[in-house]
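Colleague: I would like to see how this sequence folds:
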Amino acid sequence: MRLEITCHDRVGMGQKVLGIFVEHGINVRGIELMQPGRIFINIPDLDFSDLQTFMPQLRLIEGVGDVKTAPYMPSERERNELATLIKTFPDPFISIDRKGNVRIVNTIVSSIIGEDEDSLVGQHISLWLKGFNFNRWLDAKEVLAQTRRLKFLGDDYVADIMPIHVAGENDSRVLAGAVLILKSEARLGQQMNAFKQPKENTFSGIQATSSAMRKVIREAKRMSSLDASILIMGETGTGKELLARACHGASKRAEHAFLTLNCAALPDDVAESELFGVGEKGQESSKRGIFEMADGGTVFLDEIGEMSAKLQSKLLRVIQNGSFRRVDSEQEVTVNVRIISSTNKDLLNLVSIGDFREDLYYRLNVFGLTLPALRERRNDILPLVEFFIGKAAHQIGRSHLKVSDDCRDFIEHYPWPGNIRQLENVLTRAASLLEGDEIEISHLALPAYTREHGYLEQEFEGTLDAAVKKFEADLLRKLYPAYPSTRQLAKKLGLSHTAIANKLREYDINKKTVKI
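Modeller: Residues are numbered from 1 along each chain as shown. The predicted model follows:
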């Protein structure tokens with residue numbers, strides 16, 4: 001057990017305290033004086049009755065203020081902290097003595113060598129590390145810290161080699177040994193990537209080698225400094241949200257929140273409560289919406305073309321007046337937010353057919369940005385490949401991944417209908433399942449695809465006649481609600497009334513089976 005004694009700092013106090021332990025025949029395993037007036041003593045565990053006998057005697061010593069048990073000695077805490085730090089250190093760590101013999105290794109060193117830590121103690125460091133003369137360095141007149149490239153069991157490492165000195169007589173320093181911290185090529189690469197990693201919400205995180213993307217970035221930077229709505233248009237997977245975050249990060253609102261809502265992902269009533277919040281029917285049911293939480297910042301509305309007519313009206317009011325009402329509430333809430341929206345649809349076409357409000361469209365599209373598809377910015381494809389391969393290699397702990405020349409050429413000319421998202425997913429999967437170090441075309445899980453026909457069926461089953469009938473039935477079911485009479489449908493498709501009537505009968509298409 002450990003005791004902590006608080007006392008006056010004066011000559012002879014320690015002797016008086018230890019005299020009590022001698023008197024009771026208690027073996028003192030250790031004693032530490034941490035600071036004036038605090039003595040820690042390590043003794044064997046005692047019965048409660050023994051403690052009751054000698055503890056009062058300690059308190060009766062003149063100058064002793066308090067005596068209490070302590071969970072540990074101060075030196076024990078320091079040793080355990082150091083041991084924990086060494087064992088959990090993410091890189092190989094080795095401590096050697098003056099002769100170059102191993103004193104301490106951490107768990108990583110033990111696992112690399114394949115021996116337990118105790119068996120490595122006492123072995124000379126040169127058995128495992130080649131390329132540096134440790135004994136010559138330790139015997140030098142002046143031992144200075146070194147950073148050297150060397151071999152650890154045949155693999156290249158960079159080693160920080162640092163001497164350990166202890167205080168000697170007359171303020172001299174005595175060499176006690178050295179510690180080594182080793183870094184593999186993979187670890188150095190991870191640290192360099194982390195150092196070079198662009199800050200979040202900046203344009204430097206967007207790959208823009210092609211002239212098309214450089215133009216988009218130039219325009220986006222100018223628009224970001226102006227506090228008006230931005231509409232980002234582009235196919236699925238082109239990075240619309242990444243660009244929106246960069247615009248927010250470059251704006252004067254960067255210190256405030258950036259909150260998003262995917263308008264296509266939620267039912268209408270859920271999306272409304274997410275955006276505007278829920279009124280205070282009771283304290284538990286009240287809730288702030290995205291617009292309130294993003295006050296002073298930016299709201300990103302992804303796939304705005306999917307927003308319902310009801311939400312379009314409420315959104316227009318927010319843009320015009322800066323205010324709205326929570327669901328089930330009559331209280332006006334005023335906010336100051338910037339709206340950035342995105343769409344992969346032709347909003348002008350939706351306006352023309354009445355599916356999107358024209359006044360809202362022009363409110364959202366004060367500044368418009370169009371992200372080109374990946375196939376339209378081929379100069380960006382290979383830099384993106386290198387970035388995604390490096391990212392995947394870091395995640396799975398491999399440092400030598402590369403892409404073959406044939407595979408690079410294939411990737412560069414594939415049309416990528418899923419754009420950047422599809423490219424990243426394909427490369428991450430290939431890197432994760434790869435057995436060697438080089439990714440080939442065969443490792444890419446990609447279906448055949450052409451711009452004219454889309455994805456090609458590689459394992460088609462059935463006959464041409466069955467496929468044609470399936471297509472014909474699907475087309476008729478889609479057109480029937482708009483042309484519910486056989487004569488109208490026949491005129492639309494350029495067929496006779498009898499032919500259409502027979503096909504509708506064959507595919508069981510009528511007002512009972514198709515909702516009009």
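
Colleague: tell me the domain ranges of the chain?
Modeller: Using automatic domain parsing, the domain parsing of the chain gives 2-75, 89-190, 203-370, 374-450, 464-506.

Colleague: wait, which of those is closest to residue 513?
Modeller: Of all the domains of the chain, domain 464-506 sits nearest to residue 513, with 8.6 Å by CB to CB. C-beta coordinates here come from the backbone N, C-alpha and C atoms, glycine included.

Colleague: quick one: average confidence on that closest one?
Modeller: For domain 464-506, the mean per-residue pLDDT is 86.

Colleague: How about stretch 253-270?
Modeller: If you average the pLDDT over stretch 253-270, you get 89.

Colleague: Tell me the buried residues in that stretch?
Modeller: Neighbour-count burial for stretch 253-270 flags 253, 256, 258-263 (criterion: 16 or more other CB atoms under 10 Å).

Colleague: which among these gets closest to residue 413?
Modeller: Of all the buried residues of stretch 253-270, residue 413 sits closest to residue 262, with 31.8 Å by CB to CB.

Colleague: quick one, phi/psi of that closest one?
Modeller: Main-chain torsions, residue 262, degrees, to the nearest 10: phi -90, psi 110.

Colleague: Which strand residues bridge it?
Modeller: Beta bridges link residue 262 to residue 302, judged by DSSP bridges.

Colleague: ok, it to residue 319 distance?
Modeller: Noted for residue 262: a distance of 19 Å to residue 319, by CB to CB, to the nearest Å.

Colleague: Residue 377 now?
Modeller: 32 Å.

Colleague: The two: who's more crowded?
Modeller: Between residue 377 and residue 319, counted using other CB atoms under 10 Å, the more crowded position is residue 377 (23 against 15).

Colleague: wait, what's in contact with the more buried one?
Modeller: Residue 377 is in contact with 210, 212-213, counting by CB atoms under 8 Å, 6 or more residues apart in numbering.

Colleague: who wins for neighbours among these?
Modeller: Among the contacts of residue 377, residue 213 has the most neighbours (other CB under 10 Å), with 20 neighbours.

Colleague: mind checking the SS state of residue 159?
Modeller: Of the three states, residue 159 takes strand according to DSSP: H, G, I helix; E, B strand; the rest coil.

Colleague: surely it meets residue 137?
Modeller: No. With contact defined as CB atoms under 8 Å, residue 159 does not reach residue 137; the gap is 11.6 Å.

Colleague: Point out where the protein drops to low pLDDT.
Modeller: Low-confidence segments of the chain, defined by pLDDT under 70: 193-201, 280-285, 399, 448-461, 516.

Colleague: mind listing the helices for the stretch 351-500 of the chain?
Modeller: Under the criterion DSSP state H, counting those that start in this stretch, the stretch 351-500 of the chain contains helices at 358-364, 381-396, 405-413, 419-433, 464-479, 486-493, 497-506.

Colleague: I'd like those helices written out as a markdown table, with distance to residue 337 and mean neighbour count added.
Modeller: A markdown table is the format used below for the helices of the stretch 351-500 of the chain (distance: least, CB to CB, whole Å; neighbours: other CB atoms under 10 Å):
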| stretch | distance to residue 337 | mean neighbour count |
| --- | --- | --- |
| helix 358-364 | 13 | 18 |
| helix 381-396 | 32 | 17 |
| helix 405-413 | 40 | 14 |
| helix 419-433 | 27 | 18 |
| helix 464-479 | 40 | 12 |
| helix 486-493 | 46 | 16 |
| helix 497-506 | 52 | 15 |
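
Colleague: Out of those, which is closest to residue 88?
Modeller: Among the helices of the stretch 351-500 of the chain, helix 381-396 comes nearest to residue 88, with 20.3 Å by CB to CB.

Colleague: Looking at the buried residues of stretch 253-270, spot the one nearest residue 107.
Modeller: Residue 107 lies nearest to residue 258 out of those, by CB to CB, at 40.7 Å.

Colleague: What residues does the closest one make contact with?
Modeller: Contacts of residue 258 by CB under 8 Å, 6+ apart are 201, 244-245, 248-249, 294, 297-298, 300.

Colleague: just residue 265 next, same as before
Modeller: residue 303.

Colleague: Distance of it relative to residue 258?
Modeller: On the measure of CB to CB, residue 265 and residue 258 end up 18 Å apart.

Colleague: cool, residue 306 as well?
Modeller: The gap separating residue 306 from residue 258 is 21 Å, by CB to CB.

Colleague: Likewise for residue 218?
Modeller: Computed with CB to CB, the distance linking residue 218 and residue 258 is 22 Å.

Colleague: So what would you say the end-to-end distance of stretch 369-380 is?
Modeller: Stretch 369-380 has an end-to-end distance of 18 Å (CA to CA, to the nearest Å).

Colleague: Okay, buried residues for it please.
Modeller: Neighbour-count burial for stretch 369-380, counted by 16+ other CB under 10 Å, picks out 369, 371-375, 377, 380.

Colleague: Same question for stretch 149-158.
Modeller: By neighbour count with 16+ other CB under 10 Å, stretch 149-158 contains the buried residues 150, 152, 157-158.
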